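Asks: Build me a model:
(chains A, B, C and D)
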Protein chains: 2
Amino acid sequence: MARSYSHYCPIAHALDLVGERWSLLVVRELKHGPLRYTDLLEQLPGVSTNVLAARLRELERGGIVGRRRMPAPAASAVYELTDLGQGLTPVLTALAHWGARSLGPPPPDAELVRGWLERALRTALGETAPPGSFELHAGDEIASVVDGVIKAGATPDPDVVVRCDATWIFHLLVDGEICSGAEIEGDREALERLAGVAPVRRVEVAATIG
Amino acid sequence: MARSYSHYCPIAHALDLVGERWSLLVVRELKHGPLRYTDLLEQLPGVSTNVLAARLRELERGGIVGRRRMPAPAASAVYELTDLGQGLTPVLTALAHWGARSLGPPPPDAELVRGWLERALRTALGETAPPGSFELHAGDEIASVVDGVIKAGATPDPDVVVRCDATWIFHLLVDGEICSGAEIEGDREALERLAGVAPVRRVEVAATIG
DNA sequence: CTGCATCCGCTTCGATACTG
DNA sequence: CAGTATCGAAGCGGATGCAG
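Replies: Numbering: from 1, shown residues only, chains lettered A, B, ... in the order given. Presented below is the predicted three-dimensional model:
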């Protein structure tokens, strides 16, 4: 039986449902579409198999994720967020914005997950992206922002194209700064408007990524 | 040493700082002003002394709470949120809104903390309260909403006065419904406007307060 | 190969007792 | 009042086993 705070309080109740270790990270992974058990295992480095199974069971009991059997010959089950689970988006966004305040730039050895650029743009810009079309290349990731809509991949005829690395993206989105070290082609002023909406004020704390 | 997810991700980083058991509830308590160690102990039923001490140490190391020695003859230390800690407000608000979706009305034996009415109004209404002046009495709690500003206690010459209980407040704020069982004096339509801003869509899930 | 369950060593939690 | 010390129980992380 899962431990409960047994407080009559919506925050404590929310933490009863998603406050255990790994729970919110499972939700984070499922936000971008259904995944199989093994996909979750490899996208959540450090989680052990029994804990992941337990979390999925608890999240299912709580009505946050659903288990569905794939059609046809796939023969494998997938986990996906329910509507209630999708409702956690504001929680994850708030945590991400707050976490970014004390998260430093990516260390050189950071393993970035597939799709990180699109996720970062979506989290940092939300619905506040300025007009214009932007195409960003960082490492082997490509993402675009076209009149506030964020998508993976290139876009036809962008106002500005940037070729950079993850650290440059970090300073753009978290500090609102356009650093040197990137190739910028096109409308630099549009890029400055994009930098201007960075919603995070950084702080210095002792904590770092382990 | 605290356990870390060691993911380069702002959400995982945030959870490294405040994701452990009790951490966010400590922050919730300190949001309304500095508290002493023993105050925290009694406002967080179920937490044990060693765990509270450990959490306060970790939160202090993370730059989320500060320890201050009271002036004069008080001779006792208080804990308070830093600016970074205050920055967790959107996280707590998002969690509270989400938690309210599956939190049922208060059971008769629920022990409500002092100030619950003001907190509930602040969480549910945020900055979206309609114009008008409201005075709410529930049990022995009194709070007012005057042109969107929420405060404890009565207010002079309110448009509407309600005398009710916690369950009635719950349905008002969470379901947006004005139930029977309350004494309503004054402008009932103003009250309906207040109910209209209830931001939570409830769902039915198995989970309940233990 | 996928989707877990089981076992094991370790850490953390919760309750209580105790100290400056 | 403000914690530390101790101890049993539960949870976590890692490795392995095993059925479909």
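
Asks: Would you tell me which residues of chain A are close to DNA strand D?
Replies: Within chain A, the residues that sit near DNA strand D (Cβ under 7 Å from any atom of the strand) are A:1-3, A:20-22, A:46-51, A:54. C-beta coordinates here come from the backbone N, C-alpha and C atoms, glycine included.

Asks: which residue does chain A bring closest to DNA strand D?
Replies: A:S48 (3.4 Å; Cβ to the nearest atom of the strand).

Asks: What segments of chain A are strands?
Replies: Remark: strands assigned in chain A by DSSP state E are A:65-69, A:77-81, A:133-138, A:141-146, A:149-152, A:160-164, A:183-186.

Asks: Partner strands of the third one, with direction?
Replies: Which is strand A:133-138. Using DSSP bridges, the strands paired with strand A:133-138 are strand A:141-146 (antiparallel), strand A:160-164 (parallel).

Asks: how far out from the middle of the chain is it?
Replies: Relative to its parent chain, strand A:133-138 has a centroid offset of 18 Å by Cα atoms, centre = their mean, to the nearest Å.

Asks: ok, and what's touching that strand?
Replies: With Cβ atoms under 8 Å, 6 or more residues apart in numbering or on different chains as the test, strand A:133-138 has contacts from A:117, A:121, A:142-147, A:154-155, A:157-166, A:168-169, A:190-191, A:194.

Asks: still on that earlier bit, of the residues of chain A next to DNA strand D, which is the most crowded?
Replies: In terms of neighbours by other Cβ atoms under 10 Å in any protein chain shown, these top out with A:W22 at 22 neighbours.

Asks: And the residues of chain A next to DNA strand D, which is the shakiest by pLDDT?
Replies: Scanning the residues of chain A next to DNA strand D for pLDDT, the low point is A:M1. It has 65.

Asks: Hmm, B:L92 and A:A14 touching each other?
Replies: No. Using Cβ atoms under 8 Å, A:A14 is not in contact with B:L92; the gap is 9.5 Å.

Asks: When those two are compared, which one has more neighbours?
Replies: A:A14 (24 against 21).

Asks: Distance of A:S23 relative to B:V113?
Replies: Separation of A:S23 from B:V113 (Cβ to Cβ, to the nearest Å): 25 Å.

Asks: Roughly how far does A:D83 sit from B:S102?
Replies: Distance, A:D83 to B:S102, using Cβ to Cβ: 12 Å.

Asks: what sits in contact with each of these two?
Replies: Listed as contacting both A:D83 and B:S102 by Cβ under 8 Å, 6+ apart are B:V203.

Asks: ok so, going back, for A:K31, find the nearest of the strands of chain A.
Replies: strand A:77-81 (6.6 Å; Cβ to Cβ).

Asks: And DNA strand C, is that closest one touching that?
Replies: Yes. Strand A:77-81 is in contact with DNA strand C by Cβ under 7 Å from any atom of the strand, via A:77-78.

Asks: How about the contacts made by A:V161?
Replies: Residues in contact with A:V161, defined by Cβ under 8 Å, 6+ apart, are A:135-137, A:183-186.

Asks: from those, which single one is nearest B:I178?
Replies: The closest of these, once distances to B:I178 are taken by Cβ to Cβ, is A:L136, at 50.3 Å.

Asks: State the number of residues packed around the closest one.
Replies: For A:L136, the neighbour count with other Cβ under 10 Å is 26.

Asks: same question, A:G19
Replies: A:G19 has 26 nearby residues by other Cβ under 10 Å.

Asks: Need the pLDDT of it.
Replies: 98.

Asks: just A:A207 next, same as before
Replies: For A:A207, pLDDT reads 52.

Asks: wait, what's in contact with the closest residue to A:L191 other than its chain neighbours?
Replies: Excluding its sequence neighbours, the residue lying closest to A:L191 (Cβ to Cβ, 6 or more residues apart in numbering or on different chains) is A:V160, at 5.2 Å. Each residue near A:V160 by Cβ under 8 Å, 6+ apart is listed here: A:132-135, A:184-188, A:190-191.

Asks: With adjacent residues omitted, what lies nearest to the most centrally placed residue in chain A?
Replies: By Cα atoms, centre = their mean, chain A has its centre lying nearest to A:R119, at 4.5 Å. What sits nearest to A:R119 in space, not counting adjacent residues and going by Cβ to Cβ, 6+ apart, is A:H32, at 7.6 Å.

Asks: just checking, the one you found touches A:V113?
Replies: No. Using Cβ under 8 Å, A:H32 is not in contact with A:V113, being 10.3 Å away.

Asks: Burial check on the nearest residue to A:Y79 once chain neighbours are set aside, number of neighbours?
Replies: Leaving aside its chain neighbours, A:Y79 sits nearest to A:V65 (5.1 Å; criterion: Cβ to Cβ, 6+ apart). For A:V65, the neighbour count with other Cβ under 10 Å is 25.

Asks: now A:V65: how far from A:L41?
Replies: 15 Å.

Asks: can you check A:H97 too?
Replies: In terms of Cβ to Cβ, A:H97 sits 28 Å off from A:L41.
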